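Q: I'll drop the sequence and a predicted model, then ask my questions.
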Amino acid sequence: MSTLNIGGSQLDASWFLLLSAILFVLGAVGVLVRRNPLVILISIELMLNAANLVLVAFSRQLVNIEGQLFALMSMTVAAAEAVVGLAILVDIFRTRDAEDIDDLSEMHG
Amino acid sequence: MAIAVFFVAAALAVLGGIGVVAFHQPIRSVLSLVVVMLSLSVIFLLLNAQFVFAVQIIVYAGAVMVLFLFVIALLGPARELGRGRLRFQGWLSALFVLVLLGLMWGLLQGVQYRQPDKGDLSFFGTVQSIGVGLFTTYLYPFELTSILLLVAAIGAIYLSRKRIDDV
């Protein structure tokens, strides 16, 4: 157990990790259960955010700025991923109606 | 005080996460994700990450989510069809998720926290300290992200161009 002194009150570092685990699992549920490709992308963003929370929490626990720098890098990568993923989606939706991810399972080169 | 702020923000984040998965309209999922991001930004602020807090609101809740909203507005309201081809998908994913959560819980019990380095918290996470880190030790990764963003922009333009044979 490692307590963080935040504004005079003691918060446990594992609370942040637990919150992050819950959010990550919710994102995983979204990817597995939902059928709309757009919602799957949204769930991936949720998982990336949960990972960022771990990075920032450990950065604070170790009083080391590198975790926050890595969180910023991962935000950049997430933005790039969202842009390319949405562009691919728009391209797919232009040629056909793909409201179900199973409609996109035929990968003929 | 900080404990109350943490629990309110955490509850909002979890509720938003449930909303992302549970809402059937994609636009409601996006708005729930905005709730998650705003409450996570409050938690970042609790963790002395002022700059990450600002970037989270401006880049994530601002830019990325607006991009999602634009795409939903462009594609129109998509409704979710019934069941897919894979049988037992709900049960299988529930099982997978329970295993994943149990694994994470088990790992969380065994975490050995290193003693924190003695650092000065008064400058920790400020724009100054982030800038010093980004422009000295991590200059090359920082410059490489600009190339990554350029590649992503070119890729997005290429993928969403108007094809001549479409017209």
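A: Okay, I see it.
Q: Whether the helix or strand where residue B:95 lies contacts chain A - can you check?
A: Element membership of residue B:95, judged by DSSP states H and E, is helix B:89-109. Yes. Judged by C-beta under 8 Å from any C-beta of the partner chain, helix B:89-109 comes into contact with chain A through B:89, B:90, B:92, B:93, B:96, B:97, B:100, B:101, B:104, B:105, B:108. All C-beta spots, glycine's among them, are computed from the backbone N, C-alpha and C.
Q: can you check stretch B:145-161 too?
A: Yes. Stretch B:145-161 comes into contact with chain A (C-beta under 8 Å from any C-beta), by way of B:145, B:148, B:149, B:151, B:152, B:153, B:155, B:156, B:159, B:160.
Q: all helices in chain B, in order from the N-terminus.
A: B:2-22, B:26-46, B:50-55, B:65-75, B:89-109, B:127-135, B:139-159 (DSSP state H).
Q: Is the fourth one in proximity to chain A?
A: Okay, so that is helix B:65-75. Yes. Using C-beta under 8 Å from any C-beta, we find that helix B:65-75 touches chain A at B:67, B:68, B:71, B:72, B:74, B:75.
Q: tell me, which helix in chain A spans the most residues?
A: Using DSSP H, we find that the single longest helix of chain A is helix A:66-95.
Q: pLDDT (mean, whole number) over stretch A:23-39?
A: Averaged across stretch A:23-39, pLDDT comes to 89.
Q: Also stretch A:74-94?
A: Averaging pLDDT along stretch A:74-94 yields 90.
Q: Identify each buried residue in it, please.
A: For stretch A:74-94, the neighbour count (16 or more other C-beta atoms under 10 Å in any protein chain shown) marks A:75-76, A:78-90, A:92-93 as buried.
Q: Could you check how far residue B:126 is from residue A:7?
A: Residue B:126 sits 16 Å away from residue A:7 when distances are taken as C-beta to C-beta, to the nearest Å.
Q: which residues are contacting the helix holding residue B:95?
A: With C-beta atoms under 8 Å, 6 or more residues apart in numbering or on different chains as the test, helix B:89-109 has contacts from A:14, A:17, A:18, A:21, A:24, A:25, A:28, A:29, A:32, A:33, B:83, B:86.
Q: Also stretch B:20-27?
A: Residues outside stretch B:20-27 that contact it (C-beta under 8 Å, 6+ apart): A:26-27, A:29-30, A:33-34, A:36, A:38-39, A:42-43, A:46, B:29, B:32-33, B:36, B:69, B:72, B:77-80.
Q: How about stretch B:143-154?
A: A:73, A:76, A:77, A:79, A:80, A:81, A:83, A:84.
Q: could I get those residues as JSON lines with distance to chain B?
A: Putting the contacts of stretch B:143-154 into JSON lines (distance: C-beta to the nearest C-beta, whole Å) gives the following:
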{"residue": "A:73", "distance to chain B": "6"}
{"residue": "A:76", "distance to chain B": "5"}
{"residue": "A:77", "distance to chain B": "7"}
{"residue": "A:79", "distance to chain B": "6"}
{"residue": "A:80", "distance to chain B": "4"}
{"residue": "A:81", "distance to chain B": "8"}
{"residue": "A:83", "distance to chain B": "5"}
{"residue": "A:84", "distance to chain B": "5"}
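Q: mind listing what the closest residue to residue A:62 other than its chain neighbours touches?
A: Nearest residue to residue A:62 in three dimensions, chain neighbours excluded: residue B:116, at 5.4 Å (C-beta to C-beta, 6 or more residues apart in numbering or on different chains). Counting by C-beta under 8 Å, 6+ apart, residue B:116 touches A:2, A:61, A:62, A:63.
Q: Please settle this for me: is the last one part of a helix?
A: Put plainly, it is residue A:63. No. Counting by DSSP: H, G, I helix; E, B strand; the rest coil, residue A:63 is not found in a helix; it is coil.
Q: and the gap between it and chain B?
A: Per C-beta to the nearest C-beta, to the nearest Å, residue A:63 is found 3 Å from chain B.
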